[in-house]
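Engineer: mind looking at a prediction? Sequence and model below.
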Amino acid sequence: MKPNVLMAVIVCLTFIDISICQQANGAAVRLRTNAWEMPGIDVTIDGEAHFFQIDTSSSRTIFDSTLREKLGAFKQRLPVRYFDVTSEVSFYMASPKHLIHLGDWAPDLDIIGCSDLSSRNRDAGRAVQGILGMDIFALSVVRIDFDECVVAFLSSASNESGEALECQFSPDGVPYVFGFYTGFAPSAFRVCTARLFTSIAAPGTMASPGSDRAPVDFTSNERAKMEADARNVIRYTDGGTLVVGPFRRPLSQAYVWTNSMLGMDFLARFVVTFDVANRKLYLKPGRRFAATNHWTSGGLFAIYRTRDPVVIHRVDDWSAGKAAGVEVGDVLLSIDGLVGYEAVRRLNCIVAAGGQKSHPLRLERSGRELVVKLDINDDDLIRGTRKPGPPAGGSKLPAGEPDR
């Protein structure tokens, strides 16, 4: 290609990118979070407000099936990534193209997915009518400010955005940053605003970001077995420190799973800015950067396998679980009437805001069934722990200090 022609192409592409961002310049909407700080916003469709969860692990924007009538003709089925699962979703024409409004900005989307999102309602604490995915983030610089409760759609990242981290993207546009957690090898963490707890990849289960191919030293069958084992087990690490870029933050627990993901226990302590065009994620410590997470598991941690009982594998000495008489090796039959995986979810999602403070646990110990009360007191609700508890706070690594 001749130099002058190449320059014309570059100028044209640059103009297109800038014009897209300028459409969103300054548009802002109120951030809505629940007690677990999972973010969402009200999206306006045909003059009506609908709650959409912000999910940076979703490659596409999705409407709940209750909004199907808002979309046009069926277009195609496409794979969409949720967390660590890829599912086929039906996509429909956006008619008109500027169907959704985010404050004063109406992003230009040709197609929008539609699926039953009712399974997200409990985690969100309200009816989820849509998912705002990475196809929106690709059209604008997006800043999520947990201090001011604002989501802003900008033309560019400013000098006030914070520390710039290099961001990798999977082929479908899902973002990753590199980091490490105590006792585990460094890995690429998927940035996931719809996940409460950070997860750490079990050894051998994760290849490159977004890749479905096995590492060269594992066969496909070996990788499949490792992933099946990891998917069938939810286990938790003891409290450790997560390091991402120049920041480190102690976490009371983390999943060991098939992929490493940054959850809201880390992200909500920052003002987070996504600049997809320049492959950057900006982190600026927020006012609550050093605050303790305000949710609690009562100091109990469980192992769950899909075909086996839920077994308590750790009881913190300072915890409500210890005070209730729970012991390592107890089988958790139910909590608040929930069993299996739902019991594990409830156990690790007892939150500070509202709800009951006394949770009945039905246990099995040495073949005998018993019921204990997990009482979450005021100190638990304020700090997420009882003294002495795990360490609070986060910090920034001094310049030049090695990060491990």
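Structural biologist: On my side now, so go ahead. Numbering: from 1, shown residues only.
Engineer: can you map out the helices along the protein?
Structural biologist: Under the criterion DSSP state H, helices of the chain are mapped to 3-23, 121-124, 134-137, 220-231, 264-267, 320-324, 340-347, 378-383.
Engineer: how close does the closest residue to residue 312 other than its chain neighbours sit to residue 162?
Structural biologist: The shortest distance from residue 312 to any non-neighbouring residue, by C-beta to C-beta, 6 or more residues apart in numbering, is to residue 330 (4.6 Å). For the C-beta atoms, the positions are set from N, CA and C on the backbone; glycine is no exception. Distance, residue 330 to residue 162, using C-beta to C-beta, to the nearest Å: 44 Å.
Engineer: can you get me a residue count around residue 372?
Structural biologist: 16 (other C-beta atoms under 10 Å).
Engineer: again but with residue 76, I slipped
Structural biologist: When neighbours are counted by other C-beta under 10 Å, residue 76 registers 9.
Engineer: who are the neighbours in contact with the closest residue to it other than its chain neighbours?
Structural biologist: Once flanking residues are discounted, residue 76 sits nearest to residue 91: 5.6 Å by C-beta to C-beta, 6+ apart. Residue 91 makes contact with 60, 74, 75, 76, 77, 78, 111, 112, 113, 114, according to C-beta atoms under 8 Å, 6 or more residues apart in numbering.
Engineer: so what's the residue lying closest to the second one once chain neighbours are set aside up against?
Structural biologist: Spelled out, that is residue 74. Of all residues not flanking residue 74 in the chain, residue 92 sits nearest, at 5.6 Å (C-beta to C-beta, 6+ apart). By C-beta under 8 Å, 6+ apart, the contact set of residue 92 is 68, 71, 72, 73, 74, 75, 111, 112, 113, 114.
Engineer: now with 10 Å?
Structural biologist: Applying C-beta atoms under 10 Å, 6 or more residues apart in numbering to residue 92 gives the contacts 63, 68, 70-76, 111-114.
Engineer: try residue 81
Structural biologist: Shown in contact with residue 81 (C-beta under 10 Å, 6+ apart): 55, 57-60, 87, 133-134, 170-174, 190, 210.
Engineer: just the buried ones from these, in ChimeraX syntax?
Structural biologist: The command below creates a ChimeraX selection of those among the contacts of residue 81 that count as buried (16 or more other C-beta atoms under 10 Å):
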select :55,57,58,59,60,133,134,170,172,173,174,190,210
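Engineer: widest-spaced pair of the contacts of residue 81?
Structural biologist: 55 and 171 (17.9 Å; C-beta to C-beta).
Engineer: correct me if wrong: residue 107 contacts residue 44.
Structural biologist: No. Using C-beta atoms under 10 Å, residue 107 is not in contact with residue 44, being 11.9 Å away.
Engineer: more neighbours, these two?
Structural biologist: Neighbour tally, residue 107 and residue 44, criterion other C-beta under 10 Å: the higher count belongs to residue 107, 23 against 16.
Engineer: report pLDDT for the closest residue in space to the more buried one that isn't next to it in sequence.
Structural biologist: Once flanking residues are discounted, residue 107 sits nearest to residue 139: 5.2 Å by C-beta to C-beta, 6+ apart. We have a pLDDT of 93 for residue 139.
Engineer: likewise residue 148?
Structural biologist: Looking at residue 148, its pLDDT is 91.
Engineer: ok, the one 5 residues further on next?
Structural biologist: The predicted local distance difference test score for residue 153 is 94.
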